[in-house]
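1. how would this look folded up:
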Amino acid sequence: MPPICRFLAALVFTSLFHASARGAEPDLSAWPETLREEVAGILRWPFNDRTRPLPLVVAPLPADQLVSTPPPGAITLFNGKDLSAWQPSSWRIVGDAVEITPGKDYLVTRDSFGSCRLHLEWWTPPGPDLKNGQNRGNSGIFFMGQYEVQVLDSYQNITYADGQAGAVYGQHPPGVNPARPPGEWQSYDIEFIRPVFDADGRLVRPARLTVDFNGVRVQDRVLVFGPTNPPARRPYRAHAVALPLQLQNHREVVRFRNIWIVPLAD
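-> A predicted model of the protein is given here:
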């Protein structure tokens, strides 16, 4: 696709997003008919809408019932000892975990990945002076550097629904909220199916995400509309079939441990 055509396509998609935010009926003609209902469900709510209903709080699965060892074929990204699987960064090892250095860089894998299953555990600090909303234990997991599953201390912490822990940021709130209190380890098992583009850069298959949060399924093969970075929903842009995984630095102290990944065939 010539650059000018790609620019015009992006412009059209952007205008659709703004129309949706104003409550106008979105034009879904660019999407296959089989996907239009799913896409309309995403666009029904404006980005980070604070009137959107919050997920129901439920009990997490007991920690001793969760998977804690890598399966056959898994690539260990962090085993509590070193960061050799990651590009150089300011993050530091604390005990058996790696901790964000607030305000610095993201943690980025050396290798690139497409479709995959990812396991990791994360921790946010407890204390009497906890912040609120998006300023409490905020981080995220960026598949291919673009598609985020939110990390946040969502225990008794009110924020917009599509920014809670387990959300596909800005698109899908978690179905329920099984967060443990801060100071306890949280667990994610995530399946990411990458988007597919044709030779001209047109979207053939959107990305999909499944998220188990503390043993509770909170996303089930949800359609990813496009890159999730704020301040708005944006269209896909063709990219490589594999890109590095990134852990976000959002100026908050968050720790991660037991990180492994299983590449999946498309």
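2. from residue 69, how far out is the residue lying closest to residue 107 once chain neighbours are set aside?
-> The spatial neighbour of residue 107 that comes closest, neighbours along the chain excluded (CB to CB, 6 or more residues apart in numbering), is residue 247 at 4.2 Å. Bear in mind the C-beta positions are built from the backbone N, C-alpha and C, glycine included. Relative to residue 69, residue 247 is positioned 21 Å away (CB to CB, to the nearest Å).
3. residue 138 reaches residue 151, doesn't it?
-> Yes - assessed by CB atoms under 8 Å, residue 138 is found in contact with residue 151 at 7.0 Å.
4. intersection of neighbour lists for the two?
-> Common neighbours of residue 138 and residue 151, counting by CB atoms under 8 Å, 6 or more residues apart in numbering, are 248, 254.
5. looking at these two, which is more packed in?
-> A direct count of neighbours by other CB atoms under 10 Å for residue 138 and residue 151 places residue 151 higher, at 26 against 23.
6. pull the contacting residues for that one.
-> 122, 137, 138, 139, 140, 141, 165, 248, 254.
7. about what we covered before: if you count surrounding residues, which of residue 247 and residue 69 has more?
-> For residue 247 against residue 69, the residue with the higher neighbour count under other CB under 10 Å is residue 247, and the figures read 25 against 8.
8. quick check: phi and psi at the more buried one.
-> Note on residue 247: its backbone torsions stand at phi -110, psi 130 [degrees, to the nearest 10].
9. what pLDDT does it get?
-> Looking at residue 247, its pLDDT reads 98.
10. quick one: contacts for it?
-> Going by CB under 8 Å, 6+ apart, residue 247 touches 100, 106, 107, 108, 139, 140, 141, 142, 256.
11. neighbour count, pLDDT and secondary structure added to the residues you listed, as CSV?
-> Formatted as CSV, the contacts of residue 247 follow (neighbours: other CB atoms under 10 Å; pLDDT from 0 to 100; DSSP: H, G, I helix; E, B strand; the rest coil):
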residue, neighbour count, pLDDT, secondary structure
100, 26, 96, coil
106, 19, 97, coil
107, 25, 98, strand
108, 16, 98, strand
139, 25, 97, strand
140, 23, 98, strand
141, 23, 98, strand
142, 21, 98, strand
256, 23, 98, strand
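12. contacting residues around the nearest residue to residue 239 once chain neighbours are set aside?
-> Of all residues beyond its chain neighbours, the one nearest residue 239 is residue 144 (6.9 Å), with distances taken as CB to CB, 6+ apart. Taking CB under 8 Å, 6+ apart as the contact definition, residue 144 lies against 113, 114, 194, 239, 242, 243, 244, 245.
13. same deal with residue 145?
-> With contact taken as CB under 8 Å, 6+ apart, residue 145 is in contact with 108, 243, 244, 245, 246.
14. report pLDDT for the second one.
-> pLDDT recorded at residue 243 is 98.
15. count of neighbours near it?
-> Here the number of neighbours of residue 243 (other CB under 10 Å) works out to 19.
16. bridged to the residue nearest the centre of the chain, which residues?
-> Against the mean C-alpha coordinate of the chain, by CA atoms, centre = their mean, the closest residue is residue 149 at 1.5 Å. According to DSSP bridges, the residues that bridge with residue 149 are residue 141, residue 168.
17. could you shift the numbering so residue one becomes 32, and keep it that way?
-> I'll keep to 32 as the first residue from here, and by that count the last item is residue 180.
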